[in-house]
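Peer 1: structure for the following, please:
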Amino acid sequence: ALNSLSARGIDSELMSELQQMGPSAISKIKALEAMSDTELDRYVSLWSVKHAQARAQAVSELEGLRVETEASISQLRIDAEQELEDYCVIWEQKLKQVDIDANTELEQLRVDFQKKVGIIKTDTEKETQEMVDAVAEAGFGTVRIPVSFLSKIDDSCGYKIDREWLDRIAEVVDYCYNRELFVIINIHGDGYHTIKGGWLLCDGSDQSYIKEKYAAVWRQIALRFADYDEHLIFESMNEVFDGIYHTPVAEYYENINDYNRIFIDTVRSTGGNNTHRWLMAAGWNTDINYTCDGYGFRFPEDKLCTCGEGRLILSVHCYDPWDYCGEEEKTIFLWGEKGQEIIELELADQRYMADWGDEEHIRAQFAKLKKDYIDRGIPVVIGEFGCIDRAVCAPHIPDRINENRAYYDGFVAGTAAQNGIVPVYWEIGRAHV
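Peer 2: Predicted structure coming up:
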């Protein structure tokens, strides 16, 4: 935060004062960050007046002048501090209102979407188009389509993808194009250890076979969509890892790095708009920490892109804290400041509160993505975020639980946007208790 203020030209002595204040300066720093350049300049000007008068006091040699100066300083200090306090209060209120508005809008989008879609079926063109229409009308601009190939690939025939399956994928993509939406398609469930027929396994024993098949599948996908414009984005894979929740294994991570390289080079070589299409690359389990913190991820090169710049996007997911977002075996249905409010109103007990992954954690995760990628000119998309509808966990306060869920979603989306990151919402469903 201080680095951000320094970059905006804050007086070095004011920066020093904020540093010396330590944790007590956090609220003031947040207020300063939220100010426009004009308001910040006014603030610095007021502070400079106060500081200049304080120095004048120290150098006054005449007693009479010293007394007079002290009186002036005292009044200036009172006036300046009052105006500074007014600025802080106003901007803290504005920041809170922004959060409230964002949460309210996100919840309304969810309600509108659920009303329009109802129980979604995908067995007819009309109903599927209606689903996409509902997404567009609810205000969303991007649809991420999770595509699994699995048994639709014929290993005995050069890894040929079933034509009807490719046509069906194109059909759904076209529904999105009809509404001028951006579309992300990927190889989704093929990397799961928990699905029968999963083959894109970084810990698989025959990596030559896996990589050959992977290249063949992406070559067919890319050729099928070579004429589609920039609204279509390809994503290399989804949550690929060895299926065990532990620190990444270096050997397996190297295979994931290879998959990304094969994906990019294969797509680029197919011609058409694929030579400059935006492509998304993912790390171990599409996890933020394992992508940023030196566990072995190498962001790939894009040497074959024909547009004169790299057109690669980092893909990550955010389900922190998982025991609130997705774990159904626990009855954790409160999160963050909104959850604490519910507890303070004596509507729920502290044991239902997520004990990690709060607002500061989310801020830190996204700040890390900004530092490692956004600030280096590499776009970042959070391809999945969201949390289970946990209203059933507390049937006496379902509206409060839904408010908390909307608060979480709004906070994640808003904080991502503040860091230049694009969030894509993933509807997880309902908890079963």
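Peer 1: for the residue nearest to residue 359 when sequence neighbours are not counted, report the pLDDT, please.
Peer 2: Nearest residue to residue 359, sequence neighbours excluded (CB to CB, 6 or more residues apart in numbering): residue 336, at 5.3 Å. Every C-beta, even on glycine, is put in place using the N, C-alpha and C of the backbone. For residue 336, the model assigns a pLDDT of 97.
Peer 1: is it true that residue 336 touches residue 356?
Peer 2: No. Counting by CB atoms under 8 Å, residue 336 stays clear of residue 356, with 11.3 Å between them.
Peer 1: quick one, which of the two is more surrounded?
Peer 2: A count of neighbours by other CB atoms under 10 Å puts residue 336 above the other of residue 336 and residue 356, at 21 against 10.
Peer 1: let me see the contact set for the more buried one.
Peer 2: Going by CB atoms under 8 Å, 6 or more residues apart in numbering, residue 336 touches 354, 358, 359, 404, 407, 408, 411.
Peer 1: show the model's pLDDT score for residue 122.
Peer 2: Confidence score, pLDDT, at residue 122: 41.
Peer 1: what do you get for residue 211?
Peer 2: Value listed for residue 211 in the pLDDT field: 98.
Peer 1: now do the contacts for it.
Peer 2: Neighbouring residues of residue 211 by CB under 8 Å, 6+ apart: 258, 259, 262.
Peer 1: before we move on, what about residue 418?
Peer 2: residue 366.
Peer 1: that one and residue 186, how far apart?
Peer 2: Look at residue 418 and residue 186: by CB to CB, to the nearest Å, they are 26 Å apart.
Peer 1: and residue 314, by the same measure?
Peer 2: 14 Å.
Peer 1: okay, now the sheet partners of the strand or helix carrying residue 185, with direction.
Peer 2: According to DSSP states H and E, residue 185 maps onto strand 182-186. As defined by DSSP bridges, the strand partners of strand 182-186 come to strand 142-145 (parallel), strand 232-235 (parallel).
Peer 1: hmm, who's touching that strand?
Peer 2: Counting by CB under 8 Å, 6+ apart, 141-147, 169, 173, 176-177, 221, 225, 231-238, 280, 381, 383, 424 sit against strand 182-186.
Peer 1: residues contacting residue 154?
Peer 2: For residue 154, counting by CB under 8 Å, 6+ apart, the contacting residues are 160, 161, 162.
Peer 1: so how far is residue 12 from the closest residue to the last one other than its chain neighbours?
Peer 2: The spatially closest residue to residue 162, leaving aside those adjacent along the chain, is residue 152, at 4.4 Å (CB to CB, 6+ apart). Going from residue 152 to residue 12 by CB to CB gives 63 Å.
Peer 1: of the two, who's got more company?
Peer 2: residue 152 (19 against 9).
Peer 1: which is the next helix or strand following the worst-scoring helix or strand of the chain on mean pLDDT?
Peer 2: Using mean pLDDT, DSSP states H and E, helix 63-117 stands out as the lowest-scoring helix or strand of the chain, at a mean of 65. For helix 63-117, the following helix or strand on the C-terminal side (DSSP H and E) is helix 125-137.
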